[in-house]
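let me see the structure of the following:
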Amino acid sequence: MRKYTILFIAFSILLFSCKSEEKSIAFSTLTKNYFDGKNELNPLDATLNGQSQYNDQLQFEMTDSFRLKQKAFYEKFEAELSKVDETKLSQEEKISYEIIKWEIGVGKDQLAQPSNLLPIHQFWGTHLTMGQYAGGAAAQPFKTEKDYKDFLKRMDLYSVWIDSAMVYMKKGISKGIVLPKALTIKVIPEFEDMITLNVEDNLFYSTVKTMPSSFSESVKKDLTEKYKTTITGKLIPQFQKMTQFLKSEYLPASRNTSGVGSLPFGREYYATCVKQWTTTTTSPEEIHELGLKEVARLKIEMEKVKTQVGYKGTLLSFFDEVRNKKELKPFKKPEEVIANFEAIYARIKPNVDRLFSLQPKTKFQIKRTEAFRELSASAEYVQGASDGSRPGTFYVPIPDVSNYNLYGDEDLFLHEAIPGHHFQISLQQENQQLPDFRKFNWFGAYGEGWALYTESLGTELGLYKDPYQYFGMLGNEMHRAIRLVVDTGIHTKGWTREQAIKYSLENEAESEASIISEIERYMAIPGQALSYKIGQLKIMELRKSASKKMGAKFDIKKFHEKVLESGVLPLALLENKINAWINEK
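Residues are numbered from 1 along each chain as shown. Modelled structure (predicted):
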């Protein structure tokens, strides 16, 4: 009898195991289909993520037909999720389930507002990504004949995309849904500078000059002629058409207000943007008040540095001192700026192992930002390829090397490079336990929050020994605190561009030109600037909580591993994960 009982139990366990595996396989199919659907909707992102089958496609994100596809996508996966039994999922699968559910909810909220009538701004978007890809040094590959033909198709679609953008911008004009004048002025040269007399000087011709030597002469000739024809016959005429439209129609119709709150749908739209970028339900008013408190706290810390270096004037005048101090502008060549970042990298390397047991394999490089976008670009990190074929890249804009101030460079490197974005994004892409949609996912509050958190690790990594570099860290944190104030101020309190610029100048040491660029960025991308500080404060709160509750058992390397191992998460999911780890211990 005992024998049969044991066999029955074994059979039951096997049956349950098979059912669980079946459930797991079904859910993994759902996540794969979800990722494929996202790539199909966003082929430029797919290229960035190394999904090469979409390299010849382009999204027309502003069109009504595209938004109907988005709606159908959300409804399809909402229905799929409803069929899943959450109790049968593993812990990581439960996280995947919650992420998809969250993204669908926010996506549907976004479709409720006509933000597609604002298809272009100066900071990012299809027109700027296409320029980056055209240069040949970004995600678009140019190694095979097919690669070149893929981008030919993409250029052809891009010429049509420009027409579509103008159609929806005209609809925006008729409804009073237009960019602020200050932003339109910045968009104009982004198209006008693409108009060249000689095709050989055009950015979109760049890769023709660098064709692989393995190509036959006939292939080179054929591709050269096709690129010339597309650039001169399609792209340049469209750049001319868009430039003329922006100058003669769109600029006169552009609004004098700075925030989206002045738009007919502005309040609801901004609330959606805040939810999207912070992954929380915190209200704009609460965020504004939090920003004011953080600005006040950081001012006290800045006063201490001012006293340390022996400066006798006010903090406001000390900002000017730091902005203009000759010793902080030592560079004569752009290469010297890059070399300084390389030296910072060398200094922290010995200490990184003390804080991080989990480190990426993806290679890393530092490059100057491309000339065509350098004037309006901020320093940034662009992820490497998941297969290791392209390193992660830290881009540094150097529009005027003689005026380049290095006082915040140590802090900037930690944020954009190591252990900030390069560690977080590369580890996420390399984690084979994650479904693909999570390997290439992004939540600003987590991603930017992590990068801002890593700035606080400078002392532990052997940096900030120079008080001006430490002041740079305080300055960059102040910069993110100010964002909480000015972003909500611009979009919910009627602040003007000039008012936001004045507030920033009074509270941080960034140059006026940099501050103007930043304020215009917040005007273009409502809510994005909030993600940094909201995410940083949550991660710092979780570290403090873990250290306090775990006492001697707290291991900083294990904490960082737990924060990083599952990739980007909405902050509530991250908090749940860390609390579960604390309770286990």
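
give me the most central residue, the chain.
Among the residues of the chain, the one closest to the centroid is G444, at 6.7 Å (C-alpha atoms, centre = their mean).

tell me the phi and psi of that one?
In terms of degrees, to the nearest 10, the main-chain angles of G444 are phi -60, psi -40.

likewise for F123?
Torsion angles, degrees, to the nearest 10, at F123: phi -100, psi -50.

show me the contacts for it.
376, 520-521, 524-525 (C-beta atoms under 8 Å, 6 or more residues apart in numbering). (C-beta placed from N, C-alpha, C; glycine too.)

among those, which ones are in strands?
Using DSSP state E, no member of those falls within strands.

could those residues go into CSV alongside neighbour count?
Below are these laid out as CSV (neighbours: other C-beta atoms under 10 Å):
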residue, neighbour count
S376, 18
E520, 23
R521, 21
A524, 22
I525, 17
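
just the residues you listed: which are in helices?
520-521, 524 (DSSP state H).

so where's this structure shaky on pLDDT?
For the chain, applying pLDDT under 70 flags the ranges 1-25.

which parts of it are strands?
Ranges of strands within the chain are 364-368, 380-382, 392-396, based on DSSP E.

can I get the last one in PDB? Just the C-alpha atoms.
Listed next in PDB are the C-alpha coordinates belonging to strand 392-396 (Å, rounded to 0.1, in the frame of the first residue of the first chain):
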ATOM      1  CA  GLY A 392      27.900  51.500 -24.300                       C
ATOM      2  CA  THR A 393      28.800  55.100 -25.100                       C
ATOM      3  CA  PHE A 394      29.100  58.100 -22.800                       C
ATOM      4  CA  TYR A 395      28.600  61.200 -25.100                       C
ATOM      5  CA  VAL A 396      30.000  64.500 -24.100                       C
END
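
buried ones in that strand?
For strand 392-396, burial by neighbour count (16 or more other C-beta atoms under 10 Å) applies to 392-396.

which among these gets closest to K439?
Nearest to K439 among those, counting by C-beta to C-beta, is G392 at 14.0 Å.

so what's that closest one closest to, chain neighbours aside?
Distances taken as C-beta to C-beta, 6 or more residues apart in numbering place G384 nearest to G392, at 3.9 Å, with adjacent residues excluded.

re the thing from before, state the distance from the closest residue to the residue nearest to the centre of the chain other than its chain neighbours to Q276.
Setting aside the residues directly before and after it, G444 is nearest to S531 in space (C-beta to C-beta, 6+ apart), at 3.3 Å. To Q276, S531 is 9 Å away according to C-beta to C-beta, to the nearest Å.

I'd say the residue nearest to G444 and W450 touch.
No. At 10.6 Å, S531 does not count as touching W450 under the criterion of C-beta atoms under 8 Å.

check contacts around R347.
Counting by C-beta under 8 Å, 6+ apart, R347 touches 462-463.

please redo it, this time with the cut-off set to 10 Å
Counting by C-beta atoms under 10 Å, 6 or more residues apart in numbering, R347 touches 410, 413, 461-463, 465.

just E448 next, same as before
277, 415, 420-421, 424, 442, 480, 528-536, 568 are the contacts of E448 under C-beta under 10 Å, 6+ apart.

please flag which of those sit within helices.
Under the assignment DSSP H, the contacts of E448 contribute 277, 415, 421, 424, 480, 531-536 to helices.

T282: how many residues sit nearby?
T282: 15 surrounding residues under other C-beta atoms under 10 Å.

let's have the buried residues of strand 392-396 in TSV, adding distance to L434.
TSV is the format used below for the buried residues of strand 392-396 (distance: C-beta to C-beta, whole Å):
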residue	distance to L434
G392	18
T393	22
F394	24
Y395	26
V396	30
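
test my guess that the residue nearest to G444 contacts Y522.
No. Using C-beta atoms under 10 Å, S531 makes no contact with Y522, being 11.8 Å away.

sorry, back to before: doesn't K275 make contact with the residue nearest to the centre of the chain?
No. Counting by C-beta under 10 Å, G444 stays clear of K275, with 11.3 Å between them.

quick check, nearest of the buried residues of strand 392-396 to V337?
Among the buried residues of strand 392-396, and counting by C-beta to C-beta, the member closest to V337 is V396, at 6.2 Å.

who does that closest one bridge with?
In this structure, V396 bridges to R368 when assessed by DSSP bridges.

re the thing from before, what about S531 and Y522, which has more around it?
Applying other C-beta under 10 Å to S531 and Y522 shows that S531 carries more neighbours, namely 27 against 24.

roughly how far does the more buried one sit from L484?
Taking C-beta to C-beta, one finds S531 at 10 Å from L484.

got it, and A112?
Applying C-beta to C-beta, the value for A112 to L484 is 25 Å.
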